[in-house]
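*Asks:* Build me a model:
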Amino acid sequence: MTGKLIFTALASLALLVSCGGERDEAVVPGPPEITVAKAIARDLTEWDEYVGRLAAIDDVELRARVSGYLEATHFKDGQMVNVGDLLFTIDPRPYQAQVDRASASLSQARASLALATTNLKRAEALLETNAIAAEEVDIRRGNEEAAAAEVLGAEAELAAVTLDLEFTKVTAPVAGRISRDLVTPGNLVTGGSDGATLLTTIRSVDPIHCYFEVDESAYLKYLRLDLEGKRSSSREGTANPVELSLADEKGFPHKGVMDFVENAVDRNTATMQGRAVFENPDKTLTPGLFARVRLRGSVLEGAVQIPDEAIGRDQSENFVWVIDETNVAVRHGVEPGPLIDGLRVVQSGIEEGDRVVINGLQRIRPGITVAPTEEKIGPASEEAKIATSAETGKE
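*Replies:* A predicted model of the protein is given here:
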C-alpha cells in the first residue's frame, strides 16, 4: 500500500513539473507587433480658421420721398428685384397738378421775358436818334433782366415739382432680395428726410460680404509675413484667397478673396475686423448667417508631417515613438503644429524619414525591440480631409 502511494505521488509530481514547463514556454513573449510610418516633408500652406457673419454689400431702407396716399404695390413679398423695378406708387395727382401749374408759370415768365427784350431793343434804337432818354433805356434793360430771372426761377420750380412727381413712383435703387411691404395701399405715407415712412428693405445677395475678427497675435503674424515678403498684406489691395463653409456644409466649398481690413485694433475686444467677398450665384449665402472662414496664412517650407494618431500626450510633453535601425523604440518629445491635409505638422522633435509608431503605442516601452510593419502615408483624400475637419474643427 505504501509503495502504491509513493508511486502516485511521484507521478503527480512529474505531471506538475511537466505542466509547469509548458506554462513557462507559453509566456515567453516575442517582440510586440506595431505599425510604423515614415515622416514626410513637403511645402505647405497653412490656413487660419475663423468664425464670420455674412452681410449684404448693399443694405437699403426704402423710404417715401414725398407724402401722399399709397396707391399700389408692384412686387411680391420676398422676391428678387433689379435696379429700376417699380415697387410702389404714391397718388401722383396732386404732384401732376403742381407740375401743370409750374409749367404755366414758366410759359408766362418766358412771355414776359420776350416782351421785355423787344422793348429794350426798341429803346436802344430810339436812343441812337436821341428820341428817348438814356434813363428809359436803363429801365427797360432792368425789366429784361428781371424777366430773365423770373424765367430761371420758374424753370427751377418746374424741375422741383417734376422731381416730386417722379418720386411718386418708388423704384428699386439696388438689385437684391426685397422684404415684405411694410405699408399697404390706402395708407398715408410721409415723405422727406425727417420721419419719412419706411416702405420696405432691399438687401443685395450676389456678391456678398463676410466679416470676421482676428486677434492681435494673428494680425501681428500677418504683418510680419508681409514685412518678410512671405505673404502680401490684404490691406494693400492683395486679393488673398479666403474659403467659406456654412453650418451644414462639409469642407470649404465657397471661394472668395479679401477686400478690406480695418484701420485699427478694437480696444474693447483686442481684435481687428477683416472682410472677404464671395460670388453667390445660387443665392445660398444669405445675409446674417454665421459661417466658418479660413484665410491663407504662413507658407511652411519643408514641413515635417506624420499621422495625428502617432502623437502621445502626457502631463509633461507631447511625444512620439521613433523606431531606429535596430527596431528599438526611442521616445522623442515633439512640438505639434497645425493639421493640414489630414496630417499633423511637427515643428520640432523628428526629421523626415524617421519611422514613427502609428499603431500599437500602448505596447511600447523605452528601449524595447519591436516587430514593425511599415505603412505608407501621404496627403489625405478630399473625403478624409472633410472628415478630419468635421472632427477637429480644422483642415
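
*Asks:* Strands of the stretch 1-150 of the chain, residue ranges please.
*Replies:* Using DSSP state E, counting those that start in this stretch, the strands of the stretch 1-150 of the chain run over residues 33-38, 40-56, 59-63, 68-73, 80-81, 86-90.

*Asks:* If you count contacts, what does the shortest one end up packed against?
*Replies:* Other helices and strands packing on strand 80-81, by 3 or more CB pairs under 8 Å, 6 or more residues apart in numbering; DSSP states H and E, are strand 176-178. Heads up, the C-betas are built off the backbone N, CA and C, glycines and all.

*Asks:* residues in contact with whichever helix or strand comes after the strand it packs on?
*Replies:* With elements assigned by DSSP states H and E, the helix or strand that comes after strand 176-178 is strand 188-189. With CB atoms under 8 Å, 6 or more residues apart in numbering as the contact definition, strand 188-189 has outside contacts at Ala64, Ser67, Gly68, Tyr69, Leu70, Ile90, Val183, Thr197, Leu199.

*Asks:* and strand 188-189, what's its mean pLDDT?
*Replies:* Strand 188-189 comes out with an average pLDDT of 94.

*Asks:* For the contacts of strand 188-189, pick the one with the most neighbours.
*Replies:* Counting neighbours by other CB atoms under 10 Å, Ile90 leads the contacts of strand 188-189 with 27 neighbours.

*Asks:* which one of the contacts of strand 188-189 is nearest Arg292?
*Replies:* Leu199 (35.9 Å; CB to CB).

*Asks:* where's that closest one, which helix or strand?
*Replies:* strand 198-203.

*Asks:* Could you export that strand as PDB, CA atoms only?
*Replies:* Provided in PDB are the C-alpha atoms of strand 198-203 (Å, rounded to 0.1, in the frame of the first residue of the first chain):
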ATOM      1  CA  LEU A 198     -40.300 103.100 -44.200                       C
ATOM      2  CA  LEU A 199     -41.800 101.200 -47.000                       C
ATOM      3  CA  THR A 200     -39.500  98.100 -47.200                       C
ATOM      4  CA  THR A 201     -35.900  97.000 -47.300                       C
ATOM      5  CA  ILE A 202     -33.700  95.500 -50.000                       C
ATOM      6  CA  ARG A 203     -30.500  93.500 -49.500                       C
END
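
*Asks:* helices or strands next to it in the packing?
*Replies:* Against strand 198-203 (3+ CB pairs under 8 Å, 6+ apart) you get strand 59-63, strand 86-90, strand 176-178.

*Asks:* Just send the ones you listed back as TSV, with distance to Ser233 and mean pLDDT too.
*Replies:* What follows is the helices and strands packed on strand 198-203, written out as TSV (distance: least, CB to CB, whole Å; pLDDT from 0 to 100):
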stretch	distance to Ser233	mean pLDDT
strand 59-63	28	93
strand 86-90	42	95
strand 176-178	31	93
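
*Asks:* Relative to Ser245, which of those is closest?
*Replies:* With CB to CB as the measure, strand 176-178 is the member of these nearest Ser245 (22.1 Å).

*Asks:* and that closest one, how far out from the chain's middle?
*Replies:* 19 Å (CA atoms, centre = their mean, to the nearest Å).

*Asks:* And the contacts of it?
*Replies:* Outside of strand 176-178, the residues within contact range by CB under 8 Å, 6+ apart are 56, 58, 60, 75, 77-81, 87, 172, 200-205, 283.

*Asks:* now with 6 Å?
*Replies:* The set of residues external to strand 176-178 that reach it, using CB atoms under 6 Å, 6 or more residues apart in numbering, is Phe75, Met80, Val81, Thr200, Ile202, Arg203, Ser204, Val205.

*Asks:* Of these - the most surrounded one?
*Replies:* Ile202 (24 neighbours).

*Asks:* Figure out which of the strands of the stretch 1-150 of the chain is closest to Ser316.
*Replies:* So among these, strand 33-38 is nearest, using CB to CB, at 22.7 Å.

*Asks:* Packing partners of that closest one?
*Replies:* strand 355-359, strand 371-374 (3 or more CB pairs under 6 Å, 6 or more residues apart in numbering; DSSP states H and E).

*Asks:* thinking again about what came up before, could I get the contacts of strand 176-178 as CSV with pLDDT and distance to Ser107?
*Replies:* Output for those, formatted as CSV (pLDDT from 0 to 100; distance: CB to CB, whole Å):
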residue, pLDDT, distance to Ser107
Phe75, 93, 39
Met80, 93, 45
Val81, 94, 39
Thr200, 95, 39
Ile202, 95, 40
Arg203, 94, 46
Ser204, 93, 44
Val205, 92, 48
